[in-house]
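J.: Here is the input, now give the coordinates:
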Amino acid sequence: MFDHLSERLGETFKRLKGHGKLTEKNIADALREVRLALLEADVHYKVAKDFLARVRQRAVGAEVMKSLTPAQQVIKIVHQELTALMGQEAAPLRLEGRPPVVIMMVGLQGSGKTTTSAKLARLLKARGRRPYLVPADVQRPAAIEQLKQLAAQVQVEVYDSDPAEKPENICVQALAQAVRAGADVVILDTAGRLHVDQPLMAELAAIKKRLNPNEVLLVADAMTGQDAVNVAGSFQESLGLTGVILTKVEGDARGGAALSIRAVVEVPIKFVGTGEKLDALEPFHPERMAGRILGMGDVLSLVEKASQAMDQEKAAQLAKKMAKNAFTLEDFREQLHQLQKMGSLESILSMLPGAGAKLKKLKGLTPDEKELKRTEAIILSMTPQERQNYAIINASRRKRIAKGSGTSVAEVNRLLKNFRQVRKMMKQMSRMGGKRALGRMLSSM
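T.: Sure, this is the predicted structure:
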């Protein structure tokens, strides 16, 4: 989402580092470039103006001018101010109170509200909660069936809504049913419209009055840029929001909504939707996002993503195998599955410090589902002995494996070549430590 902004800011700060001593003039020149970058990213003009005023006030002060590394000090100030702009700290859901607590999801049609409701239910379930989904969108009857199907996928109970009922009555009846079911969080998927109108707001206000939700979360499409900020303002004025969930941040949105919405509406961004899959919902961390914008990476989020995707017991076993240089084709197949769970290679690399330049060459790269299936088919066509010791796979065995997996000998050869490269990399990582090996891996890519 922030690719273009990150690139522009990176170029600006690179030029700033070229000055041994900073003056008010070269700081002013740099901030002019930052201003253009922010406006091109569709950041609200007033937000950009106030942000730059704060940075300028600190950047021309003694803390920069007397610093031994003035350019780095300016970058540090920009990082701190970006973090403050987006909310300073992550804002958790307010789930205190007598259960079941109610979370009301609101937003325009097409923002991803129904899918996000299911994603949130899945996330809460993973945290040990007992969520209960309520389809309350009678304007779009397909939304009721959609939420039921999504609820089945995330294995969460869902209320059997009657489209003929009033939405507020559906929510009241569903709350009573949730109590009987032993749920501790009720998520209301309310109606949307193509644009904000009075009937929609009256309907949502009636639901809020009857159920008194702990959270009123606006689901906003990050792809709409400034429109997302305007929509948030309308919902805030009519309902009183407690937070925002930005969807479709994995797309080519310019990032202005994420940088503006907190300052304009004065409610925190609580989650971001990072993909279409039901596990693609992440807590929003302002400091980490600021680091990613400035090319500093986001190693903490990467570690969290990996820990969720990886089986800890298998990871410990793999570490032992790496130390003994005993990484097998079966381990290779397992690691490809784990990588796929973590999302696109582009999103993973974007969390590594200094990976921005290399990402330009990798833009749009994702683990190919068909390629992974072919790889798995090839490995499964091998005997247990061949999976444990790839060195015994001679020409005749390769022909047999290709025939058994419905692939070609060339594809089998390519897999074995890739495996040898990964095995070599694993050996290097176990010897020299992950950071240096990871740098080499990125360079080779």
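J.: Quick check: Glu287 vs Tyr132, distance?
T.: Look at Glu287 and Tyr132: by Cβ to Cβ, to the nearest Å, they are 33 Å apart. From N, CA and C alone the C-beta is placed, and that goes for glycine too.
J.: So for the two, which residue has more residues nearby?
T.: Neighbour count, other Cβ atoms under 10 Å: between Glu287 and Tyr132, Tyr132 has more, with 26 against 19.
J.: Quick check on Gly110: phi, psi?
T.: phi 90, psi 0 (degrees, to the nearest 10).
J.: That should have said Leu120, apologies.
T.: Dihedral angles (degrees, to the nearest 10) for Leu120: phi -70, psi -40.
J.: same question, Val134
T.: Phi and psi for Val134, reported as degrees, to the nearest 10, are phi -130, psi 110.
J.: Chain neighbours aside, what residue packs nearest to it?
T.: In space, and not counting its chain neighbours, Val134 is closest to Ala174: 4.2 Å by Cβ to Cβ, 6 or more residues apart in numbering.
J.: Pull out the buried positions in the helix or strand in which the one you found is found.
T.: Per DSSP states H and E: Ala174 is located in helix 167-181. Going by neighbour count (16 or more other Cβ atoms under 10 Å), the buried part of helix 167-181 is 167-168, 170-171, 173-175, 177-178.
J.: what stretches of the stretch 51-200 of the chain score poorly on pLDDT?
T.: The model of the stretch 51-200 of the chain has pLDDT under 70 over residues 61-71.
J.: can you give me the strands for it?
T.: 101-106, 131-136, 157-158, 185-190 (DSSP state E, counting those that start in this stretch).
J.: Can I get those strands in JSON lines including distance to Lys148?
T.: Listed next are those as JSON lines, based on distance: least, Cβ to Cβ, whole Å:
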{"stretch": "strand 101-106", "distance to Lys148": "16"}
{"stretch": "strand 131-136", "distance to Lys148": "7"}
{"stretch": "strand 157-158", "distance to Lys148": "5"}
{"stretch": "strand 185-190", "distance to Lys148": "11"}
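J.: out of the ones you listed, nearest to Arg387?
T.: The minimum distance between Arg387 and those falls on strand 131-136, with 40.7 Å, by Cβ to Cβ.
J.: helices or strands up against that closest one?
T.: helix 113-126, helix 141-154, strand 157-158, helix 167-181, strand 185-190 (3 or more Cβ pairs under 8 Å, 6 or more residues apart in numbering; DSSP states H and E).
J.: Tell me which of these lies nearest to Arg423.
T.: Proximity to Arg423 (Cβ to Cβ) singles out helix 113-126 among the helices and strands packed on strand 131-136, at 33.2 Å.
J.: If you count neighbours, what's buried in the closest one?
T.: Under the neighbour-count criterion of 16+ other Cβ under 10 Å, helix 113-126 has 113-124 buried.
J.: Report the separation between the spatially most central residue of the chain and Val409.
T.: Geometric centre of the chain, nearest residue: Thr274, 3.7 Å, by Cα atoms, centre = their mean. For Thr274, the distance to Val409 equals 39 Å [Cβ to Cβ].
J.: okay, now the domains of the chain?
T.: The chain is divided into the following domains under automatic domain parsing: 3-85, 101-296, 301-444.
J.: and among these, the most buried is which?
T.: A comparison of those by mean neighbour count, using mean count of other Cβ atoms under 10 Å, puts domain 101-296 on top with a mean of 20.
J.: where does the most far-flung residue of the chain relative to its centre land in three-state SS?
T.: Note on the chain: the largest C-alpha distance from the chain mean falls to Ser396, namely 45.8 Å (Cα atoms, centre = their mean). Following DSSP: H, G, I helix; E, B strand; the rest coil, Ser396 is assigned to helix.
J.: CA atoms of stretch 139-157 as CSV?
T.: Provided in CSV are the C-alpha atoms of stretch 139-157 (Å, rounded to 0.1, in the frame of the first residue of the first chain):
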residue,chain,number,x,y,z
GLN,A,139,-31.1,-4.9,2.3
ARG,A,140,-28.9,-7.5,0.6
PRO,A,141,-30.4,-10.9,1.3
ALA,A,142,-27.4,-12.6,-0.2
ALA,A,143,-25.3,-11.2,2.7
ILE,A,144,-27.2,-13.4,5.2
GLU,A,145,-26.3,-16.6,3.3
GLN,A,146,-22.8,-15.3,2.7
LEU,A,147,-22.1,-14.8,6.4
LYS,A,148,-23.6,-18.3,7.1
GLN,A,149,-21.1,-19.9,4.7
LEU,A,150,-18.2,-17.9,6.1
ALA,A,151,-19.2,-18.8,9.7
ALA,A,152,-19.1,-22.5,8.7
GLN,A,153,-15.6,-22.0,7.3
VAL,A,154,-14.3,-20.4,10.5
GLN,A,155,-16.4,-22.8,12.6
VAL,A,156,-18.3,-20.1,14.5
GLU,A,157,-22.0,-20.2,15.4
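J.: And the helix ranked longest in the chain, how far out from the chain middle?
T.: Ranked by residue count and defined by DSSP state H, the top helix of the chain is helix 409-432. The chain centre lies 29 Å from the centre of helix 409-432; the measure is Cα atoms, centre = their mean, to the nearest Å.
J.: can you tell me the average pLDDT over it?
T.: Helix 409-432 comes out with an average pLDDT of 79.
J.: name the helices or strands packed onto it?
T.: Using 3+ Cβ pairs under 8 Å, 6+ apart as the contact test, the elements touching helix 409-432 are helix 312-323, helix 329-341, helix 369-380, helix 395-405, helix 434-444.
J.: Could you list the low-pLDDT ranges of the stretch 301-445 of the chain?
T.: Low-confidence segments of the stretch 301-445 of the chain (pLDDT under 70): 301-325, 337-369, 426-445.
J.: what do you get if the cut-off is 90, keeping everything else the same?
T.: Residue ranges of the stretch 301-445 of the chain with pLDDT under 90: 301-377, 387-391, 417-445.
J.: For the stretch 201-350 of the chain, just list every one of the helices.
T.: With DSSP state H, counting those that start in this stretch as the criterion, the stretch 201-350 of the chain has helices at 226-239, 256-265, 286-293, 299-309, 312-323, 329-341, 345-349.
J.: Let me have the domains of the chain in CSV, extended by distance to Pro92.
T.: Output for these, formatted as CSV (distance: least, Cβ to Cβ, whole Å):
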stretch, distance to Pro92
domain 3-85, 17
domain 101-296, 8
domain 301-444, 15
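J.: and of those domains, who's closest to Leu95?
T.: domain 101-296 (5.3 Å).
J.: and that closest one, how far out from the chain's middle?
T.: 16 Å.
J.: Let me know the secondary structure of the residue lying closest to Leu259 once chain neighbours are set aside.
T.: Excluding the flanking residues, the one nearest Leu259 by Cβ to Cβ, 6+ apart is Val43, at 4.8 Å. Classification of Val43 using three-state DSSP returns coil.
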